[in-house]
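**Q** No letters, just coordinates:
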């Protein structure tokens, strides 16, 4: 039986400019976590309706927010890191 392969486009960007959507997404996540406390990714997804952000955007935004020190992981949940001043609003 012949083998079937499936191809899907990846979210690779070769653009030299900054991803301004990522900053907006991170800001929304940090604000939500400050208001609601620690949340798991499915709860964040539901609260922020991240299905409209595009595939892989929530995971990328959470990873970048962690890298920047704006959120931290606590078990399976994420919470806003103390003392982050960039998105204090």
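**A** Received it, and whenever you're ready, just let me know what you need. All values derive from a computational prediction rather than experimental measurement.

**Q** could you pull out the helices for this structure?
**A** In the chain, the helices defined using DSSP state H lie at 20-36, 41-48, 57-67.

**Q** Setting aside sequence neighbours, what's the nearest residue to residue 36?
**A** Nearest residue to residue 36 in three dimensions, chain neighbours excluded: residue 47, at 7.1 Å (Cβ to Cβ, 6 or more residues apart in numbering). Any C-beta I mention is one placed from the backbone N, CA and C, and that applies to glycine too.

**Q** Quick one: closest of the helices of the chain to residue 74.
**A** Closest to residue 74 of these, according to Cβ to Cβ: helix 20-36, at 10.6 Å.

**Q** and the angle for the closest one with helix 41-48?
**A** 100 degrees (axes from the mean of the first three to the mean of the last three Cα atoms, to 10 degrees).

**Q** check contacts around the residue positioned nearest the centre of the chain.
**A** In the chain, the C-alpha closest to the average C-alpha coordinate belongs to residue 61, at a distance of 2.5 Å (Cα atoms, centre = their mean). Residues counted as contacts of residue 61 (Cβ atoms under 8 Å, 6 or more residues apart in numbering) are 22, 25-26, 29, 53.

**Q** Could you rerun that using 10 Å?
**A** Neighbour list for residue 61: 19, 21-30, 44, 48, 50, 53, 71 [criterion: Cβ atoms under 10 Å, 6 or more residues apart in numbering].
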